[in-house]
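**Q** Kindly return the folded structure for what I paste below:
(2 chains)
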Protein chains: 2
Amino acid sequence: MKKIFLLSVFTSAIGFAQTSDEAQLKAIYSQALTNSKCYSQLDYLSNKIGHRLSGSTGAEKAVQYTKTQMETSGAFDKVYLQEVMVPKWVRGEKESAYINTNGKKITVPICALGGSVATSKKGILAEVVEVQSLKELETLGAEKLTGKIIFFNRPMNPENVQSFLSYRDAGDQRRSGAKESIKYGAVGVVVRSLTFTQDDFPHTGNTGYGDLPKEKRIPACAISTNGANLLSQTLKENSKLKFYFRQSCYQEADVLSHNVIGEIKGTVSPENILVVGGHLDSWDLADGSHDDGAGCMQSMEVANIFKNLAYKPNNTIRVVMFMNEENGGRGGEKYAELAQKNNENHLFALESDSGGFTPRGFSFECDDESLVKMQSWKKLFEPYLIHSFTRGGSGADIEDLKSKRIVKAGLRPDSQRYFDYHHAANDTFHAINKRELELGAGTMASLIYLIDKYGI
Amino acid sequence: MKKIFLLSVFTSAIGFAQTSDEAQLKAIYSQALTNSKCYSQLDYLSNKIGHRLSGSTGAEKAVQYTKTQMETSGAFDKVYLQEVMVPKWVRGEKESAYINTNGKKITVPICALGGSVATSKKGILAEVVEVQSLKELETLGAEKLTGKIIFFNRPMNPENVQSFLSYRDAGDQRRSGAKESIKYGAVGVVVRSLTFTQDDFPHTGNTGYGDLPKEKRIPACAISTNGANLLSQTLKENSKLKFYFRQSCYQEADVLSHNVIGEIKGTVSPENILVVGGHLDSWDLADGSHDDGAGCMQSMEVANIFKNLAYKPNNTIRVVMFMNEENGGRGGEKYAELAQKNNENHLFALESDSGGFTPRGFSFECDDESLVKMQSWKKLFEPYLIHSFTRGGSGADIEDLKSKRIVKAGLRPDSQRYFDYHHAANDTFHAINKRELELGAGTMASLIYLIDKYGI
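**A** All right, here's what the predicted structure looks like:
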């Protein structure tokens, strides 16, 4: 009888805990969907401030705006800036490009890749070699590539349901195409935009030259998928066509910028820190509503939800808006460097940097035991249609963050539309759905709540 | 030893079946994402044909277009039309409305509800009583409502993650607001649009008068949410304001239309029928890309996928595009009536009528045993992020379909954006994402494949 009695108490205790968590998640999601500021704040960030490329006026306005929003929200015990030197790359005049074939000039939409050097003022005009991979450069060799523009045209693989896999796989062309092509005497690089959509938007993103001195670097641009299809087709008809492009981008000296941090001090273990964040910088072609205005506003919303529910966390919660994820990652580096220097104990870090779409779950970087613990919470999220708790990457800005034991996570929204907008001129507020954004904030707040309550 | 040997064979057989199904689903999804016609066909249906309200020219063009597409696809053994008489309601001239307060006329966007009667040619001008529910009419009574325009302003509840629940709950105002208001001497009805978004689109949809004779019916319209907010606010400032609206919609005699049916004859049990479909009619304010062009094109795609994979089904598969779901349901009724008359044995019916967004799962109408069977397949779908296999409604067009034993299912896409577009002028092709649409087709084909192989 005693045994049965104990079992019954135990079951009932679990039952109670479960019910209390269920109620708390319900309250969190209800706040997110009915009383949230993230949509209107993103509207302001996107439509009143606009693009926030590191070192730009927009980036500094965004630092001030989010700092003020956090200060006046009443949700934080402390709001402060963390200084960080960031690279400043400037696009310059709008780029231009055309295909020159049989006496005709056919204009196509391009944009300089981030970090690229300019062409000469007159631009580059050269024959084109189309390739599908970096490997193919090696096969063709300097004999066939010297003096040519290399056209990387391997599309993102549409068969992956998880679109980020296709981005990762096709992304080497953009990231390393220029650096590799230089080895074979190429004079310029044109990369097919990293999107599934067939349209007229060129998608920028960083390209790297490694340690190559500036005078050896060659200009690299992205071409829209429609432009890439046209260029490829025209090459089939006339392999001797020439491609022209002109861009006037340049790198300035590093400038001072900031991570923006809001802190809610833990009531029980203030020395333990939980981070939730996104990156405040964006590319310069649009206002970066999905990448990553959404993640920043959702992170601020986590604190607003806790304030509205009068939830006082056991551990210290930091909302961190990192600077310079897109073309340097300096904000994340600086945050990790200072965390280590100050002997801070980070238990957990969560980044939202995959767009403001309907949340589907999280991916976790952690040990097996922690993963099992996180996955045990999955059923609490199922009423909100959150179903995916997998092992995987977390976020670029929290990559460097280390502690004795830390769990890192990335919010995983539905990814089908993300690359329609990613790094392109259409990543604007029009593509944000209020409910989807809010559900992401609620999902983030729910996980932070559970980690705060149960630890890792 | 013998026992162990048997167990091992059994395990291996299950293993093999599993692997073969995994491979088949992979092939199906791959076809859907790389070799599908549904996006371009929807482009044609939406942009070349346009709206398809029952009895309209567009509806008949859509019948001919889809019939021809199925005939020329080579995916079917037989393509035919099924005659059905449908109601013909015509919107007439564009509606107009304004708030008349303190000598000012403030224009607001409205549209007639489907099935509504017209106002007089001069329009209606009357004082307004705002209510939140049908119940409130009873409380207020004829004394306060006679001669008034009733303004139903209860918003859809944003707290439901499953947005269709909010639609169902708020929908009584649109469906029955006019019929109920007539009992208390009201002269017109204005209903807040059924959407979560705050914007300028009025959302139509059917309203019913029951058996009331025509001369007793009062006109009913939908007002955009921005318009509803303004009207409500202005009423607070001036309860004696007047509202004006004018609409010239009318009902014509029923006309002949058609369900469009394509059939793949079963190789083993041709007498058993599996249906997959959507509804071909739409409301008249837009081209109905999500409601329900998407579902029709996805259904045709199921057959294309099977053709491309050279999959010959055991049972007969019918792709059915039903006519007149929106304002009568006559297509579904006719299909069910003939199925019964011809003693057809339907094992299964699947409808896609919740938009062309990322598929999340299915809801099933069936007995417990069948539900367990369906749910046992869930893990096959998880690589495609399909996770929701629940009990629930299937689809309006297959509602009447009965057989000795039948499983009915509805495709359940992500529902956050659906009511942004539903029955409004912005339900156009621009809101369709190619990959999301295709994933829906792949998900439908996968379920049909499993049912065809394993039965119910």
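**Q** Please look at residue A:31 and residue A:438 and confirm they touch.
**A** No - because the distance of 9.2 Å does not satisfy CB atoms under 8 Å, residue A:31 is recorded as not touching residue A:438. In short, each C-beta sits where N, CA and C put it, glycine included.
**Q** Can you give me the buried ones in whichever strand or helix holds residue A:436?
**A** Using DSSP states H and E, residue A:436 maps to helix A:434-454. Within helix A:434-454, the residues that qualify as buried by neighbour count (16 or more other CB atoms under 10 Å in any protein chain shown) are A:434-452.
**Q** Repeat that for stretch A:265-282.
**A** Residues of stretch A:265-282 classed as buried under the neighbour-count rule (16+ other CB under 10 Å) are A:266, A:272, A:273, A:274, A:275, A:276, A:277, A:278, A:279, A:280, A:281, A:282.
**Q** from the residues you listed, which single one is nearest chain B?
**A** Nearest to chain B out of the buried residues of stretch A:265-282 is residue A:278 (CB to the nearest CB; 20.1 Å).
**Q** check which helix or strand covers the spatially closest residue to the closest one that is not a sequence neighbour.
**A** Nearest in space to residue A:278, with sequence neighbours left out and distances taken as CB to CB, 6 or more residues apart in numbering or on different chains, is residue A:295 at 2.5 Å. Residue A:295 belongs to helix A:294-308 when assigned by DSSP H and E.
**Q** where are the low-confidence patches of the stretch 151-300 of chain A?
**A** Low-confidence regions of the stretch 151-300 of chain A, defined by pLDDT under 70, are absent; no residue qualifies.
**Q** Could you pull up the residues touching the closest residue to chain B within the stretch 101-250 of chain A?
**A** With distances taken as CB to the nearest CB, the stretch 101-250 of chain A approaches chain B most closely at residue A:158, which sits 4.7 Å away. Each residue near residue A:158 by CB atoms under 8 Å, 6 or more residues apart in numbering or on different chains is listed here: A:166, A:196, B:33, B:34, B:435.
**Q** Let's verify it: helix, strand, or coil?
**A** The three-state label for residue A:158, taken from DSSP: H, G, I helix; E, B strand; the rest coil, comes out as coil.
**Q** residues from the stretch 251-400 of chain A in reach of chain B?
**A** Along the stretch 251-400 of chain A, the residues adjacent to chain B under the rule CB under 8 Å from any CB of the partner chain are A:358, A:360, A:383, A:384, A:385, A:387, A:388.
**Q** Roughly how far does the spatially most central residue of chain A sit from chain B?
**A** With distances taken as CA atoms, centre = their mean, residue A:353 lies nearest the centre of chain A, 3.9 Å away. When distance is defined by CB to the nearest CB, to the nearest Å, residue A:353 is 19 Å away from chain B.
**Q** Report pLDDT for that residue.
**A** With respect to pLDDT, residue A:353 has a value of 98.
**Q** Look up the closest residue to the residue in the stretch 351-456 of chain A that chain B sits nearest to, ignoring the ones flanking it.
**A** Here the residue of the stretch 351-456 of chain A nearest chain B is residue A:387; by CB to the nearest CB that distance is 4.1 Å. Closest residue to residue A:387 apart from its sequence neighbours, by CB to CB, 6+ apart: residue B:387 at 4.1 Å.
**Q** Just list the residues touching that neighbour, thanks.
**A** Taking CB under 8 Å, 6+ apart as the definition, contacts of residue B:387 comprise A:387, A:388, B:360, B:361, B:378, B:381.
**Q** on that earlier part again, wait, the residue nearest to the centre of chain A sits on residue A:322?
**A** No - with the criterion set as CB under 8 Å, residue A:353 and residue A:322 do not qualify as a contacting pair; they are 9.1 Å apart.
**Q** which parts of stretch A:169-183 are buried?
**A** Judged by neighbour count (16+ other CB under 10 Å), stretch A:169-183 contains these buried residues: A:170, A:171, A:173, A:174, A:175, A:176, A:177, A:178, A:179, A:180, A:181, A:182.
**Q** How about the backbone phi and psi for the fourth one?
**A** Backbone torsions of residue A:174, given as degrees, to the nearest 10, read phi -80, psi -40.
**Q** Could you do the second one as well?
**A** Residue A:171 adopts backbone torsions of phi -70, psi -20, taken as degrees, to the nearest 10.
**Q** For it, which non-adjacent residue is spatially closest?
**A** Spatial nearest neighbour of residue A:171, chain neighbours left out: residue A:194 (6.2 Å); criterion: CB to CB, 6+ apart.
**Q** How many residues are close by the one you found?
**A** 23 (other CB atoms under 10 Å in any protein chain shown).
**Q** Done for today, thanks.
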